[in-house]
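> Provide a 3D model corresponding to the input given below.
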Amino acid sequence: MPQAQLIAFSYRQGSDLVHIQAIVDDAVQVAPATLYDPPEFGSAACETFVLWDDPITASNAPTQDDIDKMLPWIDDWTAIPPISFDD
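Residues are numbered from 1 along each chain as shown. Got it, this is the predicted structure:
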């Protein structure tokens, strides 16, 4: 399971989806494999969506502690592409 450090999370009242952003270890390949060495992987900003049990209300809204407890069990992260600027 990848290690993740929470950046942010968000949700909408009445929805059952929670959007999570985190720094995830070994999320992107930073160096290719060579004849003698395996590929190297590094951390990256990633995001995912988690299905909450019930539609989110004020009484069951996720807290940072709830999300932190879920992070070790999430394995379907998508890397967020870096920002590019016009020259």
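
> find the helix or strand that Lys69 is a member of.
Using DSSP states H and E, Lys69 falls within helix 64-70.

> likewise for Ala22?
Here Ala22 is assigned to strand 17-31, by DSSP H and E.

> can you pull the buried residues of that strand?
Across strand 17-31, burial judged by 16 or more other CB atoms under 10 Å covers Val18, Ile20, Gln21, Ala22, Val24, Ala27. Using the backbone N, CA and C atoms, a C-beta is placed for each residue, glycine as well.

> please name the strands paired to it in the sheet, noting orientation.
If you go by DSSP bridges, strand 17-31 pairs up with strand 4-11 (antiparallel), strand 40-51 (antiparallel).

> dump it to PDB, restricted to CA.
Output of strand 17-31 as PDB, limited to C-alpha atoms (Å, rounded to 0.1, in the frame of the first residue of the first chain):
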ATOM      1  CA  LEU A  17     -18.200  11.500  -3.000                       C
ATOM      2  CA  VAL A  18     -15.200  12.900  -1.100                       C
ATOM      3  CA  HIS A  19     -12.400  14.300  -3.300                       C
ATOM      4  CA  ILE A  20      -9.000  13.700  -1.600                       C
ATOM      5  CA  GLN A  21      -5.600  15.200  -2.600                       C
ATOM      6  CA  ALA A  22      -2.400  13.800  -1.100                       C
ATOM      7  CA  ILE A  23       1.400  13.400  -1.600                       C
ATOM      8  CA  VAL A  24       1.800   9.700  -2.400                       C
ATOM      9  CA  ASP A  25       5.100   7.900  -2.200                       C
ATOM     10  CA  ASP A  26       6.300   6.000  -5.200                       C
ATOM     11  CA  ALA A  27       3.500   7.300  -7.400                       C
ATOM     12  CA  VAL A  28       5.500   8.300 -10.500                       C
ATOM     13  CA  GLN A  29       8.500   6.900 -12.300                       C
ATOM     14  CA  VAL A  30      11.400   9.300 -12.100                       C
ATOM     15  CA  ALA A  31      14.200   7.300 -13.800                       C
END
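
> appreciated, that's everything.
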